[in-house]
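Asker: Have a look at this fold, sequence not included:
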């Protein structure tokens, strides 16, 4: 149980286009999901916390107009990178906080590698 | 402020040897502590966690970790390493949110483990 699916796993896009990444909790409802960004050989940087039915909370320095987060249902959160540029190329990982006995655990997706040309 | 320090960027061990990965944290209250493992291009898999109680916790794949409050440490150990253990290991501390529910995670920079045959 507690599986988080992230799609796509890899995306290549042209500079100036927008890319949407989906994060789904497959077998549990997740009122809270988290979006991280990871640079090569570095740790995970929290970008934003996504709560179902409300606006996401962005970390300092993260452009909310650049990284649009929508958490429209209890099993789906999306991250849209708008007008992507090469500097947005990175590995993006989502996680979902579990329920019940799993409420104190974050379950992670497999990540999405974004390459902006 | 909360922070996690993993002092070893890269560790190399021989297969069958014992392993200890260090983690120190800074957190004002009783922390939620985690170890995650990440294989190349993949998301994070939870190895083990500590919330309270017995300070020696057992995880998956033969890993264990010991919480030492006096040293603010949560070191990960394995008595005999297998080649398949080669990966990146992240220590994380979780902030409490709305009482006992887990909020955001703060990650260390990670330790890359190489296993020699």
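Answerer: Structure's in. What do you need? Bear in mind that the values here come from a model prediction, so they are computed numbers and not experimental data.

Asker: and residue B:57, what are its bridge partners?
Answerer: Going by DSSP bridges, residue B:57 is paired in beta bridges with residue B:65.

Asker: From residue A:48, how far out is it?
Answerer: From residue B:57 over to residue A:48 the distance is 30 Å, taken as CB to CB, to the nearest Å. Bear in mind the C-beta positions are built from the backbone N, C-alpha and C, glycine included.

Asker: same question, residue B:54
Answerer: 35 Å.

Asker: Kindly report the same for residue B:31.
Answerer: 22 Å.

Asker: And residue A:104, by the same measure?
Answerer: Distance from residue A:104 to residue A:48, by CB to CB: 20 Å.

Asker: The two: who's more crowded?
Answerer: residue A:48 (23 against 18; other CB atoms under 10 Å in any protein chain shown).

Asker: Does the more buried one have any beta-bridge partners, and if so which?
Answerer: Taking DSSP bridges as the rule, residue A:48 bridges to residue A:35, residue A:58.

Asker: Next, work out how far apart it and residue A:109 are.
Answerer: Distance from residue A:48 to residue A:109, by CB to CB: 15 Å.

Asker: For burial, what's the neighbour tally of residue 18?
Answerer: Defaulting to chain A. Residue A:18: 11 neighbours (other CB under 10 Å).

Asker: The intended chain is chain B.
Answerer: Residue B:18: 10 neighbours (other CB under 10 Å).

Asker: Tell me if I'm right that it and residue B:64 touch.
Answerer: No. Residue B:18 is not in contact with residue B:64 according to CB atoms under 8 Å; the separation is 11.4 Å.

Asker: Show me the shaky parts of chain B.
Answerer: B:97-100 (pLDDT under 70).

Asker: quick one: contacts for the spatially most central residue of it?
Answerer: With distances taken as CA atoms, centre = their mean, residue B:35 lies nearest the centre of chain B, 3.0 Å away. Contact analysis of residue B:35 by CB atoms under 8 Å, 6 or more residues apart in numbering or on different chains lists B:21, B:23, B:46-49, B:59, B:63, B:65, B:74, B:76, B:89-92.
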